[in-house]
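J.: Below are the sequence and a predicted model; questions follow.
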Amino acid sequence: MSLPVTELFDLIARSNVNSAWGALTVEVLARLGVECIVTSPGSRSTPLTIAAARNARVEALTILDERSAAFYALGLAKRTGRPVALVCTSGSAAVNYWPAVLEASMSGTPLLLLTADRPAELRGCSSGQTIDQLKLYGDCVRHFSELALPECTPGMLAYLRQTLVHAVNISLGANAGPVHLNFPFRDPLSPDPRATQGVVAASVMEEAATVSTRPCEAVALGVGLDLVALERLSSHSKGLIIVGAENPRCGDEAFADAVAMISNKLGWPVLADVLNPLRNHASESSALITRYDSFLRGAESESSSLQPTAILQIGTLPTSKVLRAWLGARDAVSFLLTARPLNTDPLHRVATPLYGDVHSLAEHLQHQRVDTEWAAEWSSCEARATLAIDQQMQGIETLFEGKVAWLLSQHLPVGTTVFLASSMSVRYAEYFWVAGNRACGVYCNRGANGIDGTLSTALGVAHGGSPAVLLTGDLAFLHDSNGLLAANQLRGSLTVILINNNGGGIFEHLPVAELDPPFETYFSTPQNVDIAKVCAAHGVPHQAISDWAQLVATITGATVPGLRILELTTDRKADRQHLLEILSASTL
């Protein structure tokens with residue numbers, strides 16, 4: 001039952017102190033712009049859960065598994081840029097948030113962790129379902145605060161409001177990320193429908209819920225750009241712009257426009273990972289390079305015509321190990337542009353940090369006299385590698401994992417949201433995702449680079465947004481199969497394209513693959529699970545895809561609401577061989 005705020009505050013007047021505290025918490029968060037609260041069942045969190053369920057301003061979801069719930073919230077926050085609140089009971093429930101909290105911290109994603117707890121007198125005395133929740137997530141949260149025990153005095157209600165205001169503000173700051181608020185509650189936890197005495201007047205609650213900040217508005221970034229460093233940057237005619245994983249606050253098209261402006265002013269080509277908007281807004285940039293992993297493997301990568309004197313890195317480095325190794329071997333000055341106060345250089349180069357966003361840099365740079373042959377040489381390498389890859393792909397009739405990303409990039413409906421699982425899914429996409437103008441938003445859990453919560457995060461990304469596609473392998477899918485329990489919460493459409501090669505295909509590309517035993521048992525770890533039966537057990541539609549025409553027809557057909565699974569069975573050893581042949585053919 002969702003109630004308007006006037007009726008809600010009247011109801012609070014007949015409730016207990018805990019219920020009033022919970023109701024004010026949810027109402028203030030709603031007024032601050034928090035639109036979704038993800039709860040998991042539990043007793044100690046009753047005041048917060050009931051408040052979320054009754055408040056018409058927020059969407060309250062319920063997901064059984066706290067680990068899945070946290071990743072679902074993470075995905076939604078990644079797509080919207082708004083903090084999503086999580087509510088759980090005391091004890092080990094909060095520990096299950098940990099993997100998602102880690103990813104949120106490393107990817108700069110705003111989350112509000114509202115963990116219910118026992119009061120102080122029940123801690124450290126063998127009380128049930130009680131652990132030490134104080135600073136549970138350590139340095140992985142931007143801020144921690146333990147709330148006082150609920151009191152319904154004007155001063156304490158004002159304290160609760162301002163604690164929430166600051167929590168939301170911190171989660172959206174220049175270094176955005178998760179914030180942890182621990183809520184101790186004494187019994188009684190449930191509202192008392194028989195109570196006749198008001199705990200607090202509705203007028204007092206209304207005054208306490210008043211906020212003056214603008215709802216969920218990201219904190220503006222300072223310019224923070226060193227003008228002397230910009231002059232040094234601009235003095236180079238042979239430079240490269242490297243763009244890694246980036247989900248910009250400003251929007252995909254605006255980000256692509258700003259990077260294109262920087263490229264045009266400097267005359268430098270742009271090497272773009274698949275995990276930023278550039279490959280899906282390709283017309284914005286005249287010198288977009290996406291096949292670097294192919295042609296930088298060959299002898300021509302050492303050609304003097306490709307040697308930069310300067311490198312501008314925007315955000316983190318791309319996924320490609322080939323590119324990272326090549327950059328690490330260059331004798332070039334480096335500039336690291338980042339909107340967050342982070343060290344984004346695992347290569348430990350002699351580098352100048354630039355704190356700001358791409359728009360600030362684009363505006364402050366002056367137009368330079370460009371070396372047109374420099375960008376043309378890179379574009380020529382790009383064209384030859386692209387032609388070689390396309391010819392190889394067109395000739396592959398058997399199901400090959402790498403061809404899926406190649407086809408998706410050309411046939412997904414415009415505006416489709418894409419989530420890429422870690423391991424080989426994201427790598428194949430980096431190798432083969434074709435640059436175009438389909439305006440697909442691309443997401444991935446590349447903060448910690450793990451496969452944790454893959455399905456749940458993709459469900460969150462799809463929730464309330466445009467139709468979405470998840471590209472994943474079988475191990476990443478099965479690792480988060482509990483995410484299937486959250487499918488009934490999805491408001492939207494998610495198509496899972498599941499590559500089933502019965503094991504961890506990424507390990508086939510490592511030296512350990514030659515050691516069998518123990519390779520199959522301890523590294524590849526085939527699970528031999530019937531995916532169709534798993535889906536049937538959860539009431540999720542499943543379809544086996546047997547050829548490329550069927551895949552293209554399915555992904556270009558009418559949008560199907562809810563969750564569905566498309567399964568392609570491949571041979572991971574054959575996949576590895578196909579990849580080597582394609583990369584060899586496209587190496588210059």
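T.: Nice, thanks for sending it over. In this text, all values refer to a predicted model and were calculated from it rather than measured experimentally.
J.: C-alpha only now, for contacts and for neighbours.
T.: Will do.
J.: Residue 494 is in what secondary structure piece?
T.: strand 493-500 (DSSP states H and E).
J.: mean confidence score for that strand?
T.: Taken as a whole, strand 493-500 has a mean pLDDT of 98.
J.: Please compute how far whichever helix or strand comes after it lies from its chain's middle.
T.: Moving toward the C-terminus from strand 493-500, the first helix or strand encountered (DSSP H and E) is helix 519. Distance, stretch centre to chain centre, for helix 519: 31 Å (C-alpha atoms, centre = their mean, to the nearest Å).
J.: Likewise for stretch 326-340?
T.: Computed by C-alpha atoms, centre = their mean, the chain-centroid distance of stretch 326-340 equals 24 Å.
J.: buried residues in it?
T.: Along stretch 326-340, these residues count as buried under the neighbour rule (16 or more other C-alpha atoms under 10 Å): 327, 332, 333, 334, 335, 336, 337, 338, 339, 340.
J.: what residues does that stretch touch?
T.: By C-alpha atoms under 8 Å, 6 or more residues apart in numbering, the residues outside stretch 326-340 that reach it are 174-176, 221, 233, 296, 307-315, 344-345, 347, 349-358.
J.: Tell me how far the helix or strand harbouring residue 404 lies from the chain's centre.
T.: If you go by DSSP H and E, residue 404 is part of helix 401-411. Shown here is helix 401-411, whose average C-alpha point lies 21 Å from the average C-alpha point of the whole chain (C-alpha atoms, centre = their mean).
J.: in it, what counts as buried?
T.: Result for helix 401-411 [16+ other C-alpha under 10 Å]: buried residues 401, 402, 403, 404, 405, 406, 407, 408, 409, 410.
J.: circling back: just the ones of the contacts of stretch 326-340 in strands?
T.: If you go by DSSP state E, these have 310, 311, 312, 313, 314, 351, 352, 353, 354, 355 in strands.
J.: With neighbour count as added columns, please give those residues in a markdown table.
T.: What follows is the ones in strands among the contacts of stretch 326-340, written out as a markdown table (neighbours: other C-alpha atoms under 10 Å):
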| residue | neighbour count |
| --- | --- |
| 310 | 24 |
| 311 | 23 |
| 312 | 21 |
| 313 | 25 |
| 314 | 24 |
| 351 | 17 |
| 352 | 15 |
| 353 | 21 |
| 354 | 23 |
| 355 | 21 |
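J.: Show me where the stretch 151-300 of the chain has its strands.
T.: For the stretch 151-300 of the chain, the strands defined by DSSP state E, counting those that start in this stretch occupy 178-184, 239-243, 270-272, 288-289.
J.: Would you mind giving those as CSV with mean neighbour count, distance to residue 35 and mean pLDDT added?
T.: As requested, those are exported to CSV (neighbours: other C-alpha atoms under 10 Å; distance: least, C-alpha to C-alpha, whole Å; pLDDT from 0 to 100):
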stretch, mean neighbour count, distance to residue 35, mean pLDDT
strand 178-184, 25, 16, 98
strand 239-243, 24, 31, 97
strand 270-272, 25, 33, 98
strand 288-289, 26, 37, 97
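J.: Mind putting those strands into a markdown table with distance to residue 469?
T.: As requested, these are exported to a markdown table (distance: least, C-alpha to C-alpha, whole Å):
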| stretch | distance to residue 469 |
| --- | --- |
| strand 178-184 | 26 |
| strand 239-243 | 23 |
| strand 270-272 | 21 |
| strand 288-289 | 25 |
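J.: so the helix or strand hosting residue 335 versus strand 310-314, what angle?
T.: Taking DSSP H and E as the criterion, the element that holds residue 335 is strand 333-338. Relative orientation of strand 333-338 versus strand 310-314 (axes from the mean of the first three to the mean of the last three C-alpha atoms, to 10 degrees): 10 degrees.
J.: orientation of strand 333-338 relative to strand 239-243 in degrees?
T.: Calculated by the same axes, to 10 degrees, strand 333-338 forms an angle of 30 degrees with strand 239-243.
J.: Hey, what's the angle from strand 333-338 to strand 351-355? Just curious.
T.: Between the axis of strand 333-338 and that of strand 351-355 there is an angle of 30 degrees, by the same axes, to 10 degrees.
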